[in-house]
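Asker: What follows is a protein structure lacking sequence information:
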């Protein structure tokens, strides 16, 4: 990407108050050389899209442990597309049941990572998929 670090936004949508996993992912991405911003807890999809736009993020990653990943991803996807961020790399991680993973991919979240995903898989995915 022209020698510039890949810009990653990691966000916690909804009422989910557990962010240890998101912070671990943020630290791993920082250590891998990415330019990473963490949104903090309990952000609305609108706030996440506004932050992604402000940062001109290459990657928008959602961390969802609450079980509300499908409606939050649907809403965020719609807003990202409206904001002209449809070509950016979207990913989601957390408590994502196997049965929902393909639905999330079909929504446009090309990276879907359950809580057990190795950090190296997330890092490699970002490196291999940012356009």
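Answerer: Yep, it's here. Note that the coordinates shown come from a computational prediction; the quantities given were computed from them, not determined experimentally.

Asker: CA only for contacts and neighbour counts going forward, please
Answerer: OK.

Asker: pLDDT averaged over the helix or strand hosting residue 49, what's the number?
Answerer: Residue 49 belongs to helix 45-55 when assigned by DSSP states H and E. Averaged over helix 45-55, pLDDT sits at 98.

Asker: That one: which residues count as buried?
Answerer: Neighbour counts using 16 or more other CA atoms under 10 Å place 45, 48-49, 51-52 of helix 45-55 among the buried residues.

Asker: for stretch 5-22, same thing?
Answerer: Applying a neighbour-count criterion of 16+ other CA under 10 Å, the buried positions in stretch 5-22 are 6-14, 16, 19, 22.

Asker: Just the ones in helices from those, please.
Answerer: With helices defined by DSSP state H, the entries of the buried residues of stretch 5-22 inside them are residue 22.

Asker: What is the most widely separated pair among the buried residues of stretch 5-22?
Answerer: Spatial extent of those (CA to CA) is set by the pair 6 and 16 at 26.5 Å.
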